[in-house]
Structure formats: C-alpha cells, structure tokens
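Chemist: coordinates only, no sequence provided:
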C-alpha cells in the first residue's frame, strides 16, 4: 500500500530507519513512532519507497 502523502512517506522512512537500527527508536515521535510499533519492515519499505511527486503535503480526509 503506497503512502498517500509526503508526510506519510517521511514518517515511514523515519520508522524504517529505526527498524533497521540506523536511528534510535527513542528519537521517533508522532506518526513515525506509531508506524514503528505497528508495522513490519516490509510494510514500512512499501510506504517509504512511494514517490513524492504529485502527492499532497498532508493526507486529505
């Protein structure tokens, strides 16, 4: 499932970095912390690899 906004893509990238041990999980906050806790590395890769071009800055409900 691709990210629907730039903010989701960025949060997924931060969470993925923590899952891989590149950053500390304690440095995460907000959406990235929730993604780190609830998603697998594979799911995070899918979100983080989404192209940003043409995506809104924030998800519209």
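Modeler: Received the coordinates, thanks. Since this is a predicted model, take the numbers as computed values, not measurements.
Chemist: which stretches of the protein have low pLDDT?
Modeler: 1, 56, 58-61 (pLDDT under 70).
Chemist: so which residues of it form strands?
Modeler: For the chain, strands defined by DSSP state E do not occur.
Chemist: tell me if I'm right that residue 13 and residue 45 touch.
Modeler: No - Residue 13 is beyond contact range of residue 45, at 9.6 Å (criterion: CB atoms under 8 Å). Yep, even glycine has a C-beta here, placed from its N, CA and C like the rest.
Chemist: name the nearest residue to residue 16, sequence neighbours excluded.
Modeler: Counting by CB to CB, 6 or more residues apart in numbering, residue 16 lies nearest to residue 44, which is 4.1 Å off, once chain neighbours are set aside.
Chemist: more neighbours, residue 13 and residue 45?
Modeler: Neighbours per residue, other CB atoms under 10 Å: of residue 13 and residue 45, the larger number sits with residue 13, 19 against 15.
Chemist: what is the burial count for the closest residue in space to the more buried one that isn't next to it in sequence?
Modeler: Once flanking residues are discounted, residue 13 sits nearest to residue 48: 4.3 Å by CB to CB, 6+ apart. Applying other CB under 10 Å, we find 19 residues neighbouring residue 48.
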